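Asker: What shape does this take:
(chains A, B, C and D)
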Amino acid sequence: MNALLPTASVPLAVSPVEVSLFAFVILTAVVTALARDVLSSIIVFGAYSLGMAALYTFYRAPDVAMTEAAISAGVTTVLLLLTIAKTSRIDHEVAFESVHWPAVGAVGLLGAAMASTLAEMPVVGDTNSPVWSNPDVTQYYLANAYAETGVENAVMSVLASYRGFDTFGEAVVVFAAGIVTMLVLRREVFA
Amino acid sequence: MTVADTVVAGGLTVGDFLLYAAAGFVVLALGMTYRAIRGPTMQDRVLAVNVLGTNTVVILALLGAGLGEPTFLDIAIVYALLNFLMAIAISKFTVERGGVL
Amino acid sequence: MSRDAPAGDDDPATENGPATENGPATENGPATENGPATENGPTAADEPTGHRGFGTEYSGHEERPHLSEVERQGTPYTESQVIMTTVKAVAPFVFTYGLFITFHGGGSPGGGFQGGAIVAAVVLMIAFAFGIESTREWLSNSVLVGLAVGGVLVFAGIGLVGLAGGGTFLDYSFLPIPEPMKYGMEGVEILGIAPIVASVLIGLFFLLAAGPADDETEVSE
Amino acid sequence: MEPLTTVRVALIAVFTLLGLFFTFVSMTGVIRLPDVYSRAHTASQADTLGAGFALAAVALTVGLAGSGFKSVLLLFFIFVTNPTAAHAIARAAFEDGNVPWTEGDERR
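Answerer: Down below sits the predicted model:
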């Protein structure tokens, strides 16, 4: 067990990796929201997804991190770039939006209200948290996934077997997205 | 007992050391964000994000080694690839605003 | 030229001046002097270059003031040899890696979705290095449509086998193969999800690059 | 601790610190240098070296028996693609009309 990871005996312990990654993610997210120019917004958003992937990796969700890397950093950036290449660009004199302080106050109040519940959150990796100790879902998958499906990656066994119908729907949604884009652009071929 | 669990000094294992190093890399990444925010040209931003991406690849690899999960290196490889794609895509796009795409 | 200064202040050899003053380096001078290099001469010469700082509109490659007249004419933009060579070297490796992520999804992070996205990223990379139009000609539409439709049909077909055998939809245990649970899931990931994601992402890329049809802004690249 | 393990741990520490140092050099360059061309220079060289050292430390930690070969693969990949990306950015800047900084110009 790694000494830097929070354990149940040390509630709300955060490691330096977490703190610095949170600072990075929040900074890039704020810049993405405030940048006037769409192109610089897209570029900084790429940096944001870098931080998110590292954060997911730190929380040991490699499948999510890989999806974030594959989709958010690469493909989404390219598709957004092509989209703004086909639209007109507005000339901005200033680089950043001016901050609307009443809105910041409202968001800050909401954030403070949500942050007040943080103390009740289970620690990362806490074996007593409801999500983890649920015998019907989480524990069932962990205990039986390999025996029932023969696949080592429990995430994949849930995606393709236990929740296979959902995945079928998602695949069809991706397929439909391609067709709808063709419809919107009034084209009949992909390539 | 793997190398990552070897105690260096004072209860600090090699894995902890690598995690602290990863935190150091994130702090350096925070410094580079200055260039991504300030610009002044689009190429400066792309350059900053490219350097940040290389940095993130290193962070992911260090996390994988430090947490004792070598399969996390797969994510780092995927990220290295997409970082390259992002760099050539955006830099080519900044020329004549997509006119040469 | 400093990006923050108005063009022409610090670069006297370039901007729209009378040809007699600037000599042979004049941009956009009278067409008689410049000959074939002035495709956009008369119109572009009348427009002030203006502020080219942050967020200004692209104003055309004929206004690259640091290039001499000889460098500018006839070479609008060529694909970079360095990028093409690197992509040539890297693309097979990355394609193989995408297939590895897809096929090895059962034992390590990844799966059909991620692997398909990486395979699509290879095509995107090739398109950015060699030009989108030539890549579009190289990759035929029927391949992409076949992959997308085939993926959906294979996924639905594997699901219907369970239904036909008397079980439920996507009940892999009725598949007539050894270890039906494991290889049924692998089949869905490899033959269903990965082709759908890869082909639809490549298709979206080409569609967005081409832009809307019947539109005069559609550039023919 | 076996002597070989001691050497290995020492090498890991040295490589990690060297990686941090060169990445720090690269960060300083990206922030301080005057124009995009010189920044591309530091991004392609100092950063690649820093990443190389850090990935070497990762490869030593994981070991070739585990997934260390992936780290070496990653190292080669970064050594190939990082300078190419810097080239693409510098080329784009040139095509876009950025004049290289010369002595006496103001910083950008």
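Asker: Just the buried residues of the helix or strand hosting A:L82, please?
Answerer: Under the criterion of DSSP states H and E, A:L82 resides in helix A:76-85. By neighbour count with 16 or more other CB atoms under 10 Å in any protein chain shown, helix A:76-85 contains the buried residues A:T77, A:V78, A:L79, A:L80, A:L81, A:L82, A:I84, A:A85. Quick note: C-beta positions are derived from backbone N, CA and C, even for glycine.
Asker: Over to stretch D:17-34?
Answerer: Of the residues in stretch D:17-34, D:17-20, D:22-27, D:29-31, D:33 count as buried by neighbour count, 16+ other CB under 10 Å.
Asker: so what are the domain limits for chain A?
Answerer: If you go by automatic domain parsing, the domain ranges for chain A are A:1-98, A:134-191.
Asker: ok, now chain C?
Answerer: C:19-72, C:81-210.
Asker: Determine the number of other residues adjacent to A:F165.
Answerer: Residues within reach of A:F165, counting by other CB atoms under 10 Å in any protein chain shown, total 12.
Asker: typo on my end, A:R186
Answerer: 10.
Asker: Now do it against B:N83, distance only.
Answerer: 35 Å (CB to CB, to the nearest Å).
Asker: The lengthiest helix in chain D close to chain A?
Answerer: Counting residues, the longest helix found in chain D (DSSP state H) is helix D:3-32. No: Helix D:3-32 lies out of reach of chain A by CB under 8 Å from any CB of the partner chain, never closer than 12.9 Å.
Asker: how many degrees apart are the helix or strand following that helix and helix D:3-32 in direction?
Answerer: Next along the chain after helix D:3-32, taking DSSP H and E as the criterion, comes helix D:36-62. Helix D:36-62 and helix D:3-32 are oriented at 160 degrees to each other (axes from the mean of the first three to the mean of the last three CA atoms, to 10 degrees).
Asker: which strands and helices sit next to helix D:36-62?
Answerer: Contact analysis of helix D:36-62 by 3 or more CB pairs under 8 Å, 6 or more residues apart in numbering or on different chains; DSSP states H and E lists helix B:14-38, helix B:42-66, helix D:3-32, helix D:68-95 as its packing neighbours.
Asker: Does chain C have contacts with stretch D:26-35?
Answerer: No: Stretch D:26-35 stays out of contact with chain C when judged by CB under 8 Å from any CB, the minimum separation being 9.5 Å.
Asker: So what touches that stretch?
Answerer: Stretch D:26-35 has contacts (CB atoms under 8 Å, 6 or more residues apart in numbering or on different chains) with B:28, B:31-32, B:34-35, B:47-48, B:51, D:38-39, D:41-43, D:46-47, D:50, D:98, D:100-101, D:105, D:107-108.
Asker: cool, and stretch A:98-117?
Answerer: Here stretch A:98-117 makes contact (CB under 8 Å, 6+ apart) with A:L34.
Asker: Flag the helix or strand of chain A with the lowest per-element mean pLDDT.
Answerer: Sorting the helices and strands of chain A by mean pLDDT, DSSP states H and E puts helix A:130-133 at the bottom, at a mean of 79.
Asker: What helices and strands are in contact with that one?
Answerer: With contacts taken as 3+ CB pairs under 8 Å, 6+ apart, helix A:130-133 sits against helix A:138-149.
Asker: other SSEs contacting the helix or strand following the helix it packs on?
Answerer: Next helix or strand after helix A:138-149 toward the C-terminus (DSSP H and E): helix A:154-157. Packed against helix A:154-157, as judged by 3+ CB pairs under 8 Å, 6+ apart, are the following elements: helix A:138-149.
Asker: need the next SSE after the helix or strand containing A:L39, C-terminal direction.
Answerer: Taking DSSP H and E as the definition, A:L39 sits inside helix A:38-58. The element immediately downstream of helix A:38-58 (helix or strand, assigned by DSSP H and E) is helix A:62-67.
Asker: ok, residues contacting that next one?
Answerer: Residues outside helix A:62-67 that contact it (CB under 8 Å, 6+ apart) are A:53-54, A:56-57, A:153, A:155-156, B:60, B:69, B:71-72, B:74-75, B:78, C:101, C:109-111, C:113-114, C:117.
Asker: so D:F77 touches B:A76, yeah?
Answerer: No: here D:F77 lies out of contact with B:A76, judged by CB atoms under 8 Å, at a distance of 9.6 Å.
Asker: what ranges of the chain fall below the confidence cut-off?
Answerer: Just going to use chain A. Applying pLDDT under 70 to chain A flags the ranges A:1-14, A:89, A:91, A:125.
Asker: wait, chain C
Answerer: C:1-77, C:214-221.
Asker: those helices in it, which residues are they?
Answerer: Under DSSP H, chain C gives helices at C:19-22, C:31-34, C:41-46, C:69-72, C:81-103, C:112-130, C:132-138, C:141-164, C:180-187, C:194-210.
Asker: what about the last one, near chain B?
Answerer: Yes: part of helix C:194-210 sits near chain B under the criterion CB under 8 Å from any CB, namely C:A209.
Asker: For chain D, what's the nearest residue on chain A?
Answerer: Here chain A gets closest to chain D at one residue, A:I43, 11.5 Å apart by CB to the nearest CB.
Asker: Next up, the contacts around that residue.
Answerer: B:A36, B:M42, B:R45, B:V46, B:V49, B:I90.
Asker: ok, the fifth one - contacts?
Answerer: For B:V49, the residues meeting the contact criterion (CB under 8 Å, 6+ apart) are A:I43, A:V44, A:G46, A:A47, A:L50, B:A36, B:M86, B:A87, B:I90.
Asker: try 7 Å
Answerer: A:I43, A:G46, A:A47, B:A36 (CB atoms under 7 Å, 6 or more residues apart in numbering or on different chains).
Asker: neighbour-wise, which of those residues leads?
Answerer: Of those, with other CB under 10 Å as the count, A:A47 tops at 31 neighbours.
Asker: got the buried residues for stretch A:121-138?
Answerer: Under the neighbour-count criterion of 16+ other CB under 10 Å, stretch A:121-138 has A:V123, A:V124, A:D126 buried.
Asker: What's the separation between the closest residue to chain D within chain C and C:G203?
Answerer: In chain C, the residue that lies nearest chain D is C:T86 (4.2 Å; CB to the nearest CB). Here the criterion is CB to CB. By it, C:T86 lies 26 Å from C:G203.
Asker: The residue of chain A closest to chain D and A:V94, how far apart?
Answerer: Going from A:I43 to A:V94 by CB to CB gives 17 Å.
Asker: can you pull the contacts of the residue most central in space within chain B?
Answerer: Centroid-nearest residue in chain B: B:T56, 1.3 Å away (criterion: CA atoms, centre = their mean). Residues near B:T56 by CB under 7 Å, 6+ apart: A:L50, A:A53, A:A54, B:Y79.
Asker: which ones are touching the nearest residue to A:I71 once chain neighbours are set aside?
Answerer: Excluding its sequence neighbours, the residue lying closest to A:I71 (CB to CB, 6 or more residues apart in numbering or on different chains) is C:A117, at 5.7 Å. Taking CB under 7 Å, 6+ apart, we find C:A117 in contact with A:A70, A:I71, A:V75, C:V197, C:L201.
Asker: that older thread, pull out the buried residues from the contacts of B:T56.
Answerer: Using 16+ other CB under 10 Å as the burial test, the contacts of B:T56 include A:L50, A:A53, A:A54, B:Y79 as buried.
Asker: and the residue of chain D nearest chain A?
Answerer: Closest approach between chain D and chain A, counting by CB to the nearest CB: D:I89, at 11.5 Å.
Asker: That concludes my questions; thank you for your assistance.
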